[in-house]
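# fold the following.
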Amino acid sequence: MVFSQRSNELNELLKSVIILAVVVVGIGVLDVSAIRGETVAEHSIAILDLTPRDPEASRSDFYSAMHCCEAMGIPYSVVGTASELTSHPLTLIACLQNADQLTTEEIVQLTDYVSNGGWLFASDVHNRELYSLFGIDALESTRTLYTMTFDVSVDDPIMAFINDPLEQTISLGDPELGKIFKCRQYKISGDGQPLAYYENGKVAMIRHFLGDGRTYVLGFRLADVIHRGQTNHDYQAERTYSNGFEPTADVLMLIIRSLYEAVVDVPLIRHTIPDGHKSALIITHDIDAKFSYANAYVFSQLEQQYGHKSTHFIETKYFSDWLDAAIYNPESIEALKQTKALGFELQSHSVGHFPDFDTFEPGDPNVTYPEYQPHYYGPPINKTTSGTIYGELKISKFLLDRDFAQNTIAFRAGHLLFPKQLPEVLEDCGYLYDGTRPANDVLQTYPYFLTESTKMGARFTNVLEIPLTISDYFLTTDTLPEVVDGWVSILERYSENFSPVVLLVHPSRLDDKYAAELELLNRVKGMDLWRGDLTTYGRFWRNRLQLQYDWQLQNSTLTIWIRSQLSKPIVPFVFKEKFPISEIRLWYNPPGEATSIPLHYQTFSRYGYRFIVPALPVESSVWIFY
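Coordinates of the predicted model:
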């Protein structure tokens, strides 16, 4: 059994994150060949994956449980039977769609697991055989409930991050749509404790103590918020589209983190922000207007002065139509070279920035420049002819790679439009990152992988979505103070969840746009922020998913072994400080090596957490900080 692994049924990208926990006594240069493969399951969450037992079950349920762990940096293992849970302190049941998914023997095993001290979390429980385990007396089902409100007066670990009004009440869908996904309204048994309610006052979440353990049940599928949001199949649950705080899906992930941190003595997880910062401010610019190409350099100089790097998404339009002239030309290319010379990255913002891009078909994968000649016709036609997704992605990448001697790996669509086949075309063209989706629209801020054809339960692509959080929409000279106040407020609120924040500013004007960013940079100077660009953060997130590590607490000494190859950006560790740790020892055992070497690191305590930031290996000396 391993700490973290992806299901064999998922594609290669979402496999093989393996996190082990071993017990080793002593220090020095370790011979780990004898202990590799031994595990201590009490550090990990178990995901009980029942979807293979139900041919009609969606893999979205399993993925959503897995994503909760991975977004929060929690070690986990996937198990297929209840008998495998014994040593795990916390279990997530990924899918309970049908009554016959669990045998009678397994229901007894689950009950024994909880009675003996295990914590069990499940969603959408409607099997009568499980009522007593979860503190349910009866239930009603409906598709006309739209919010869930937590009772924060209840003393329970799940409330640890629920401290904002928009976290205390999360949005499930827009009432104007009528029916949304199915919700279970629970009537509790005598010893069940309601934790959350729907807007009609019926119980939406229950905690139930049983023996030395406890259970939690949520009245709807995790996938109906998490994965439905990621694929934009939610029922318009976002309360604002841009420049708002919308933590609905994040709250569910943070609940799992809170439970893990409550039940494990040293809940060592992978931090969500490079260098152990509280949040990240990732500045991006869409270069899609005549003056933006030269202004990009002015904005980059400002950001360099304040210690920031930013990402510039470049429109590469080399023809004229109703929308605009050929704004990607020798003059604009020379202007952009100044920005790149400062160390700022240039990525793709499509060829034509077409307002109907979301209607485009994939087209010919072998499209070439300059043969690709789309054209937008204005009123009354209002349509692009000869435009394709491949054309917009492949040709813009070709031009940027050619003109700036680079490998373009990130994309943001014009007008934030998202055709269904965009993920697989991005992947096929060699892109690794997309920054199109607004965080409010997908209900979450943490990165996630896009699925083929934007379908729930479909194949995962190699393209990581890094949602856009705040922007300069509605920014004018008159609204500048209000907009900047909003940016700062949203950044502060997401910082409480250790979430990244992506800002979009169009450098089309040097009055209100520049002034707004300058005001923001002055306002956040004292905040604990990482200040890098989008693809660097993307590389950090990939490193984080691939990080393999083990740890052991003996007396008051914490020893950590890193088992995977280290590369920049380095992933920090973090754990909730429950009692003093007198010494930390950090060892590096790269793949294929039988010995470990000591690592430099920095450690500090903030926000009730202990952070450990490793350095790249230095074999010639031992230098341990604690």
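# how many residues are close by Arg402?
Neighbourhood size, Arg402 [other C-beta atoms under 10 Å]: 12. No exception for glycine: its C-beta is placed from N, CA and C like everyone else's.
# repeat for Pro165
Counted with other C-beta under 10 Å, Pro165 comes out at 9.
# how close does it get to Thr248?
13 Å (C-beta to C-beta, to the nearest Å).
# please, which helix or strand holds the one residue sitting closest to the centre of the chain?
What sits nearest the mean C-alpha location of the chain, by C-alpha atoms, centre = their mean, is Tyr446, with 2.4 Å. For Tyr446, there is no helix or strand it lies in under DSSP states H and E.
# thinking it is in contact with Ser499, fair?
Yes: counting by C-beta atoms under 8 Å, Tyr446 touches Ser499, with 6.6 Å between them.
# shared neighbours, those two?
Shared contacts of Tyr446 and Ser499, defined by C-beta atoms under 8 Å, 6 or more residues apart in numbering, comprise Asp250, Thr272.
# any regions of the chain where pLDDT drops low?
1-40, 55-57, 97-99, 618-626 (pLDDT under 70).
# next, count neighbours for Thr104.
8.
# residues in contact with it?
Here Thr104 is in contact with Glu129 (criterion: C-beta under 8 Å, 6+ apart).
# give me the phi and psi for it.
For Thr104, the backbone dihedrals are phi -60, psi -40 (criterion: degrees, to the nearest 10).
# tell me the strands in the stretch 401-550 of the chain, going along the chain?
410-411, 433-434, 448-451, 460-465, 470-471, 500-504, 529-530, 549-554 (DSSP state E, counting those that start in this stretch).
# check which helices and strands the first one sits against.
Contact here means 3 or more C-beta pairs under 8 Å, 6 or more residues apart in numbering; DSSP states H and E; on that basis strand 410-411 packs against strand 310-314, strand 345-348, strand 433-434, helix 534-546.
# got the ones you listed as TSV, with distance to Ala289 columns?
Formatted as TSV, those follow (distance: least, C-beta to C-beta, whole Å):
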stretch	distance to Ala289
strand 310-314	12
strand 345-348	16
strand 433-434	22
helix 534-546	20
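# and the ones you listed, which is most packed in?
Across those, averaging neighbours per residue (mean count of other C-beta atoms under 10 Å) puts strand 310-314 on top, at a mean of 27.
# got the angle for it vs strand 500-504?
Angle, strand 310-314 to strand 500-504, by axes from the mean of the first three to the mean of the last three C-alpha atoms, to 10 degrees: 50 degrees.
# next, the angle from strand 310-314 to helix 534-546.
Using the same axes, to 10 degrees: strand 310-314 against helix 534-546 is 110 degrees.
# mind listing what's buried along whatever helix or strand comes next after strand 310-314?
Of the helices and strands lying after strand 310-314 in sequence (DSSP H and E), the nearest is helix 330-341. Going by neighbour count (16 or more other C-beta atoms under 10 Å), the buried part of helix 330-341 is Ser332, Ile333, Ala335, Leu336, Gln338, Thr339, Lys340.
# please apply the same query to stretch 117-125.
Applying 16+ other C-beta under 10 Å to stretch 117-125 flags Gly118, Trp119, Leu120, Phe121, Ala122, Ser123, Asp124, Val125 as buried.
# so what's the second one bridging to?
So the one you mean is Trp119. Leu90, Arg214 (DSSP bridges).
# so how far is Gln554 from it?
25 Å.
# kindly report the same for Tyr297.
For Tyr297 relative to Gln554 (C-beta to C-beta), the value is 55 Å.
# cool, and Pro419?
Relative to Gln554, and taking C-beta to C-beta, Pro419 is found at 55 Å.
# who has more neighbours out of those two?
Pro419 (20 against 13).
# residues touching the more buried one, list them.
Applying C-beta under 8 Å, 6+ apart, the residues near Pro419 are Phe357, Asp358, Thr359, Phe360, Glu361, Ile389.
# contacts only, for the fourth one.
This means Phe360. Phe354, Thr384, Gly387, Thr388, Ile389, Glu392, Pro419.
# let's go with 7 Å and repeat that
With contacts defined as C-beta atoms under 7 Å, 6 or more residues apart in numbering, Phe360 is in contact with Gly387, Thr388, Ile389, Pro419.
# among those, which are in helices?
Those of the contacts of Phe360 mapping onto helices are Ile389, per DSSP state H.
# among the contacts of Phe360, which one has the most neighbours?
Ile389 (26 neighbours).
# ok, it to Leu491 distance?
Distance from Ile389 to Leu491, by C-beta to C-beta: 33 Å.
# helices and strands around whichever strand or helix holds Ser300, which ones?
With elements taken from DSSP H and E, the one containing Ser300 is helix 292-305. Applying 3 or more C-beta pairs under 7 Å, 6 or more residues apart in numbering; DSSP states H and E, one finds that helix 292-305 makes contact with strand 279-287, strand 310-314, helix 330-341, helix 512-523.
# just put these in CSV and tack on distance to Ser87.
Shown next, in CSV, are those (distance: least, C-beta to C-beta, whole Å):
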stretch, distance to Ser87
strand 279-287, 35
strand 310-314, 44
helix 330-341, 52
helix 512-523, 48
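# of these, which approaches Ser141 most closely?
strand 279-287 (38.9 Å; C-beta to C-beta).
# so who does Gly229 touch?
Ala249, Val442, Leu443, Gln444.
# can you add neighbour count and distance to Thr559 and give the residues you listed back as JSON lines?
As requested, the contacts of Gly229 are exported to JSON lines (neighbours: other C-beta atoms under 10 Å; distance: C-beta to C-beta, whole Å):
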{"residue": "Ala249", "neighbour count": "29", "distance to Thr559": "35"}
{"residue": "Val442", "neighbour count": "24", "distance to Thr559": "39"}
{"residue": "Leu443", "neighbour count": "28", "distance to Thr559": "39"}
{"residue": "Gln444", "neighbour count": "27", "distance to Thr559": "34"}
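# return the member of those nearest to Cys95.
Ala249 (17.9 Å).
# need the three-state assignment for that closest one.
helix (DSSP: H, G, I helix; E, B strand; the rest coil).
# quick one: it and Glu465, what's the gap?
13 Å.
# for Leu130, same thing?
35 Å.
# of the two, who's got more company?
Ranked by neighbour count (other C-beta under 10 Å), Leu130 and Glu465 place Glu465 first, with 24 against 21.
# so the more buried one touches Pro438, yeah?
No: taking contacts as C-beta atoms under 7 Å, Glu465 lies outside contact range of Pro438: 10.8 Å.
# neighbours of Tyr607, how many?
Counted with other C-beta under 10 Å, Tyr607 comes out at 13.
# for it, what are its contacts?
Lys278.
# can you show me the helices along the stretch 351-500 of the chain?
389-390, 396-404, 422-428, 439-442, 480-495 (DSSP state H, counting those that start in this stretch).
# run through the bridge partners of Ser471.
Leu504.
# how many neighbours does it have?
21.
# re the thing from before, can you redo the contacts of Pro419 as TSV with distance to Thr559?
Listed next are those as TSV, based on distance: C-beta to C-beta, whole Å:
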residue	distance to Thr559
Phe357	52
Asp358	52
Thr359	56
Phe360	54
Glu361	55
Ile389	50
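# and the nearest residue to Val571 once chain neighbours are set aside, what does it touch?
Spatial nearest neighbour of Val571, excluding adjacent residues (C-beta to C-beta, 6 or more residues apart in numbering): Arg544 at 4.7 Å. By C-beta under 7 Å, 6+ apart, the contact set of Arg544 is Gly73, Arg270, Val571.
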